[in-house]
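**Q** sequence unavailable; structure follows:
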């Protein structure tokens, strides 16, 4: 079976699980600075582009479409709970600071992290991200982990801790919401229950959660109640969700789901570009009242970040033979926005990255180690992706959230292990990889901050 066919089949079947609901973690103690890691030999740096610009999201400047010359597969591993003493959920929310619309650099620097079960690991990883120049952290708030016990039975103990820790570290928070409780049923029939949940969440964290992602990869049947994906149905869910969030917190940025890059159609998956076009059709070509920014997924597969979709489509032997096998497939989605009058709205890359998976029997091997990508190459590609965006996608590109800061329980038997930018590390360890060190150097340069403390000496 060809590598292209293997991916077309597997891209639509990847599992996405946050793990079973667990007892609330013990409140996290006051954070202490993370000891500096030993320097790590980083990949060769590439020239630094002009410094990215920071643009308020409410004042986006219309721009022409980026020329199109010529996903990330998201598989989140279960985070096993620790044996903490259950802590009751607070009966009242903590006081909210005066809210304002978050700003995003163009591009901005973020990563998905796994902060849910272990407060001390969350504190360590947030410290590492802050020191490395990340501005945003993306965290999954699985609906059934918060309201799984029944309608209106909320357990806010862990979200309260995560929101507070993120604030304490001076990072902005992007929350992904999906995975319905069993009692709520499957989408789209659960939309009113979702609206009620989002109202409660946005009210509780008004002014404290900067952005929210509504669902994940609804172009896959496994994310849509195991039914054929339906863009019109998702669009109605999105509209109802947008109205609920904005009624509770007008300043929270509402972002669409990112779609899985796949060529499979149409019962188990719908190609991402087709799904976006069908969304715009369902909106009547006018996205006002549906979302603030468009979410996309942008895995690089076997191609370097500068490779165009035309190149990856034309070169099956090297790159797989599909447009979506290019990181710059994001430009294809941007063009759909422009065609529908949305040039003044921004794109948020909710997932992107490269893998160096070296397991010959892995479906990711062909675009990992089998495609010539090792850890230094992965590190260089990640930096060059931010550089390409800074040089070619301003001002319409917003946050670029890479995958992943790792789950502590991942092992080399897990595919996510090879996408991560550092190795899973216990609390008394810090096993850095080239990827995080190279990004730390680049981000701190762009922010005008002192040289990355994790970098080897010159």
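**A** Arrived safely, thanks for sending. Predicted, not measured: the structure shown is a model, and the values here were computed from it.

**Q** let's verify the residue nearest to the spatial centre of the chain: helix, strand, or coil?
**A** Centroid check for the chain by C-alpha atoms, centre = their mean gives residue 350 as the closest residue, at 3.4 Å. The three-state assignment at residue 350 reads strand, by DSSP: H, G, I helix; E, B strand; the rest coil.

**Q** so how far is residue 293 from the residue lying closest to it once chain neighbours are set aside?
**A** Nearest residue to residue 350, sequence neighbours excluded (C-beta to C-beta, 6 or more residues apart in numbering): residue 258, at 3.9 Å. C-beta coordinates here come from the backbone N, C-alpha and C atoms, glycine included. Distance of residue 258 to residue 293, given as C-beta to C-beta, to the nearest Å: 11 Å.

**Q** more neighbours, those two?
**A** Using other C-beta atoms under 10 Å, the more surrounded residue of residue 258 and residue 293 is residue 258, with 29 against 24.

**Q** correct me, but the more buried one touches residue 299?
**A** No: Residue 258 lies out of contact with residue 299 (C-beta atoms under 8 Å); the separation is 10.7 Å.

**Q** just to revisit the earlier point, hmm, residue 297 and the residue nearest to the centre of the chain touching each other?
**A** Yes: under the criterion of C-beta under 8 Å, residue 350 makes contact with residue 297 at 6.1 Å.

**Q** any common contacting residues for those two?
**A** Contact criterion C-beta atoms under 8 Å, 6 or more residues apart in numbering; residues shared by residue 350 and residue 297: residue 258.

**Q** okay, now the unreliable bits of this protein?
**A** Where the chain drops to pLDDT under 70, the residues are 1-99.

**Q** show me where it has its helices.
**A** Here the chain has its helices, by DSSP state H, at 3-10, 119-131, 143-147, 157-168, 191-204, 231-248, 272-282, 309-314, 316-319, 329-339, 375-392, 416-419, 434-446.

**Q** and the last one, what's buried?
**A** Which is helix 434-446. Residues of helix 434-446 classed as buried by neighbour count (16 or more other C-beta atoms under 10 Å): 434, 435, 436, 437, 438, 439, 440, 441, 442, 443, 444, 446.

**Q** got the contact list for residue 183?
**A** Residue 183 sits next to 150, 151 when contact means C-beta under 8 Å, 6+ apart.

**Q** please report how far residue 409 lies from residue 111.
**A** According to C-beta to C-beta, residue 409 stands 18 Å off from residue 111.

**Q** neighbour count: the two, which is higher?
**A** residue 111 (22 against 15).

**Q** the more buried one contacts residue 404, doesn't it?
**A** Yes: contact between residue 111 and residue 404 holds when scored by C-beta under 8 Å: they sit 6.7 Å apart.

**Q** need the overlap of contacts for these two.
**A** Common neighbours of residue 111 and residue 404 (criterion: C-beta under 8 Å, 6+ apart): residue 421.

**Q** now the residue nearest to residue 150 when sequence neighbours are not counted: how far from residue 204?
**A** Using C-beta to C-beta, 6+ apart and skipping residues adjacent in sequence, the residue nearest residue 150 is residue 183, 6.0 Å away. According to C-beta to C-beta, residue 183 stands 20 Å off from residue 204.

**Q** likewise for residue 116?
**A** Relative to residue 204, residue 116 is positioned 17 Å away (C-beta to C-beta).

**Q** neighbour count: these two, which is higher?
**A** Higher neighbour count among residue 116 and residue 204: residue 116, with 24 against 21, using other C-beta under 10 Å.

**Q** so the more buried one touches residue 157, yeah?
**A** No: contact criterion C-beta under 8 Å: residue 116 and residue 157 do not qualify, at 11.1 Å.

**Q** identify the residue nearest residue 179 in space, chain neighbours excluded?
**A** Excluding the flanking residues, the one nearest residue 179 by C-beta to C-beta, 6+ apart is residue 142, at 4.4 Å.

**Q** make that residue 217, sorry
**A** The spatial neighbour of residue 217 that comes closest, neighbours along the chain excluded (C-beta to C-beta, 6+ apart), is residue 260 at 4.4 Å.

**Q** equivalent analysis for residue 248, please.
**A** Take residue 248 and drop its neighbours on the chain: the residue closest to it by C-beta to C-beta, 6+ apart is residue 202, 3.6 Å away.

**Q** residues contacting the one you found?
**A** Listed by C-beta under 8 Å, 6+ apart, the contact partners of residue 202 are 209, 212, 244, 245, 248, 249, 252.

**Q** among the residues you listed, who's most crowded?
**A** Among the contacts of residue 202, the one with the most neighbours (other C-beta under 10 Å) is residue 209, at 28 neighbours.

**Q** for residue 429, see how far away that one is.
**A** Counting by C-beta to C-beta, the separation of residue 209 from residue 429 is 30 Å.

**Q** pretty sure residue 198 sits against residue 175.
**A** No: between residue 198 and residue 175 there is no contact under C-beta under 8 Å: 10.2 Å.

**Q** joint contacts of these two?
**A** Common neighbours of residue 198 and residue 175 (C-beta under 8 Å, 6+ apart) are residue 212.

**Q** and the residue nearest to residue 179, how many neighbours?
**A** Residue 142: 21 neighbours (other C-beta under 10 Å).

**Q** how about the one 4 residues further on?
**A** Neighbourhood size, residue 146 [other C-beta under 10 Å]: 22.

**Q** same check, this time on the one 3 residues further on
**A** Here the count is done by other C-beta under 10 Å, and residue 149 has 13 residues near it.

**Q** pull the distance from stretch 311-318 to the chain's centre.
**A** Counting by C-alpha atoms, centre = their mean, to the nearest Å, stretch 311-318 is centred 27 Å from the centre of its parent chain.

**Q** next: stretch 215-224.
**A** 15 Å.
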